[in-house]
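[1] Got a predicted structure here, sequence first:
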2 protein chains.
Amino acid sequence: MNKVIKLASRPTGKPTDKNFKFSEEERPEASEGEILLKTIYVSVDPYLRGRMSEGKSYIPPFEVGKPIASGIIAEVIESKHKDFEKGEYVSGMLEWKQYQVSDGKDLNKADKNLAPLSAFLGVLGMTGLTAYFGLTKIGEPEKGETLVVSGAAGAVGSTVGQIGKILGMKVVGIAGSDEKISMIKEKFGYDEGINYDTTDDMAAAINKACPDGVDVYFDNVGGEISDGVMKNINKFARIVNCGAISLYNETEMPTGPRPEVFLIKNSAKMQGFIIGDFQDRFPEGVQQLGQWLKEGKLTYEETIREGFDNIPKAFLELFEGKNKGKMLVKVAED
Amino acid sequence: MNKVIKLASRPTGKPTDKNFKFSEEERPEASEGEILLKTIYVSVDPYLRGRMSEGKSYIPPFEVGKPIASGIIAEVIESKHKDFEKGEYVSGMLEWKQYQVSDGKDLNKADKNLAPLSAFLGVLGMTGLTAYFGLTKIGEPEKGETLVVSGAAGAVGSTVGQIGKILGMKVVGIAGSDEKISMIKEKFGYDEGINYDTTDDMAAAINKACPDGVDVYFDNVGGEISDGVMKNINKFARIVNCGAISLYNETEMPTGPRPEVFLIKNSAKMQGFIIGDFQDRFPEGVQQLGQWLKEGKLTYEETIREGFDNIPKAFLELFEGKNKGKMLVKVAED
């Protein structure tokens, strides 16, 4: 048998397990030019929330009644494709199924000898590349500058902070628990950490942690946390809009202080991006991240849940901040 | 005698004539290395509102009890400075006085044979340079793209639209009266105009005027007009935050829709600037603007009030939208 998870209905506000539907179907067979894949690791990510809604976005929405898809590591268990061999591992945007066939398009190989398989969904995958290109290309960091990262203990944020340190910046992280603050300082080398959950005045806390002001703000959360950072930006500051997890579940248009006057006064920019914008440069990013990983300059945290049936639950836990680093579900042994 | 206008008090919200104080003092004399200047034209500009308030900004605030300063064209009526001759005209940041002395620092010469003197406060001065560098360096325009300009009939906006046309863009302007809409289309070559005062649904109006979406938004006003534009931005759109006249007189922090999600979905940027950021490149800008002016590709509108005593009133009229193009006060005959 072959379990599948489909979109049962579009969420209003925060998603619940009712938006997901489990079903079973026949295990498919590979035709000529195809490979049969067995799912090993499934990545759950905040951006999937956007695809659960209707409406224009950078990637088309999931369809109700159809399988959900995300970054997946799978094992090739049968190959009728000249470029793939049985026993190899691949990563790519695949469906939430235990088994599926693929024509190999847009799949990358994941080499277990280079790094643990799960890393190919994290620090060597989309999250690592998001951190790398977002910080270096949108954030335009300079040695000696101050970098603030929100969602600092998350998959992207923890990598951004480390890259900031590699590049010689002062790095301040914002996260939602004392445990996360300890982790970003001890494990990821952040210079300072601010627990937003126990901080009344974010602007004052940023001001204290960043006596020279904020040059680059890598924002994964948006909303009120960002408002406090914006009050402390320097001339020519760069705000990298990578994510806005605090806003994704809003049913009304979220409002807040208008940024125009801050941006004009400081000749600053806010710039959004998605990782697909840098598709042509992925090899360069993977090469650099892999080298830092090998040199021990880069480390990562991951939260791994077990079992195919727990994929929706793991996704929902993201909105409770229950993950440290990349959130994954292990579906089968590699 | 020598009339002077000083800051009497800091405005709360919209400035009034009570914030200004007229006084008289002795006409000064030029010492060795100085020139004596007679004020001819005084520029009044929305950004001066910012300098009337206390608090951190890109230029220091005016001091209560001290003269106000802005862009001024003056005649050299006496020179004890080797670089200046009696009868020459200069432009620079000078005080609201009929007569003043200067050591010549940061003054530029204004050549009446090149263009009318008032142009050196407008299209060949800060407003023209603001339009030129803001559009070309921050807006990164491409031929065939759609440019939307708010405050389109203003000094900066009318120049931005014309430069957009010179660069081969489709150009849509937003202004506050049917008369201004006619002017931007007939005099400045805008393809379309939207009167925000008679438009209920700005997002729908922009959508109709820009069937291919908005690639560059040159924003002089901020606030609700911008909200309608933001809903129509394209992938990789650039929002140039040049001014926010709709927000300058707010006493509370103005709020509005949070832009993060728009920016991320569209890989778009919002970027503020002030003209001083491009100081090193002014000669390049003046040269290009002067050439377009000579070729008849660039024209301008100006609103000239008469008389030294009317300077504060002309400034206050800016916030009523009473100017078409650059607002100036002619203080003496040239």
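    Received it, and whenever you're ready, just let me know what you need.

[2] Now do the contacts for the residue lying closest to residue A:100 once chain neighbours are set aside.
    The shortest distance from residue A:100 to any non-neighbouring residue, by C-beta to C-beta, 6 or more residues apart in numbering or on different chains, is to residue A:37 (5.4 Å). Using the backbone N, CA and C atoms, a C-beta is placed for each residue, glycine as well. Taking C-beta atoms under 8 Å, 6 or more residues apart in numbering or on different chains, we find residue A:37 in contact with A:74, A:75, A:76, A:77, A:90, A:94, A:99, A:100, A:101, A:102.

[3] Excluding residues flanking it in the chain, which one is nearest the first one?
    By that I understand residue A:74. residue A:37 (3.8 Å).

[4] And the one you found, how far from residue A:24?
    Relative to residue A:24, residue A:37 is positioned 17 Å away (C-beta to C-beta, to the nearest Å).

[5] Using the three-state scheme, assign the spatially most central residue of chain A.
    Closest to where the C-alpha atoms of chain A average out (C-alpha atoms, centre = their mean) is residue A:127, at 4.4 Å. On the three-state scheme (DSSP: H, G, I helix; E, B strand; the rest coil), residue A:127 is labelled helix.

[6] follow-up on the earlier one: now flag whichever of the contacts of residue A:37 is closest to residue A:156.
    residue A:94 (20.9 Å; C-beta to C-beta).

[7] in a strand, that's where the closest one is, yeah?
    Yes - under three-state DSSP, residue A:94 sits within a strand.

[8] Quick one, grab the pLDDT at it.
    Residue A:94 carries a pLDDT value of 97.

[9] With the one 4 residues further on instead?
    At residue A:98, the model reports a pLDDT of 98.

[10] Domains in chain A, by residue range?
    Listed domain ranges for chain A are A:2-122+A:300-330, A:126-276 (source: automatic domain parsing).

[11] The last one: end-to-end distance?
    By that I understand domain A:126-276. End-to-end distance for domain A:126-276, by C-alpha to C-alpha, to the nearest Å: 9 Å.

[12] do the same with stretch A:133-143
    17 Å.

[13] Can you list the buried residues in it?
    For stretch A:133-143, burial by neighbour count (16 or more other C-beta atoms under 10 Å in any protein chain shown) applies to A:133, A:134, A:135, A:136, A:137, A:138, A:139, A:141.

[14] Tell me which two in these are the farthest apart.
    A:133 and A:141 (12.1 Å).

[15] Which residues are in contact with each of the two?
    By C-beta under 8 Å, 6+ apart, no residue touches both residue A:133 and residue A:141.

[16] my guess is residue A:123 contacts residue A:300, does it?
    Yes - using C-beta atoms under 8 Å, residue A:123 is in contact with residue A:300, at 4.4 Å.

[17] which of these two has more neighbours?
    Neighbours per residue (other C-beta atoms under 10 Å in any protein chain shown) separate residue A:123 from residue A:300, with residue A:123 holding more: 29 against 22.

[18] need the contact list for that one.
    A:115, A:159, A:289, A:293, A:298, A:300, A:326.

[19] Go through those and flag which are in helices.
    Using DSSP state H, the members of these that fall within helices are A:159, A:289, A:293.

[20] ok, those vs residue B:224, which is closest?
    The closest of the ones in helices among the contacts of residue A:123 to residue B:224 turns out to be residue A:159 (C-beta to C-beta; 38.3 Å).

[21] tell me which element the closest residue to the closest one other than its chain neighbours is part of?
    Closest residue to residue A:159 apart from its sequence neighbours, by C-beta to C-beta, 6+ apart: residue A:131 at 3.7 Å. Here residue A:131 sits within helix A:126-133, counting by DSSP states H and E.

[22] what's the average pLDDT for that helix?
    In this model, helix A:126-133 has an average pLDDT of 95.

[23] which ones are touching the residue lying closest to residue A:175 once chain neighbours are set aside?
    Spatially, and ignoring its direct neighbours in sequence, residue A:175 is nearest to residue A:153 (4.2 Å; C-beta to C-beta, 6+ apart). With contact set as C-beta under 8 Å, 6+ apart, residue A:153 has these partners: A:173, A:175, A:176, A:180, A:181, A:183, A:184, A:301, A:324, A:325.
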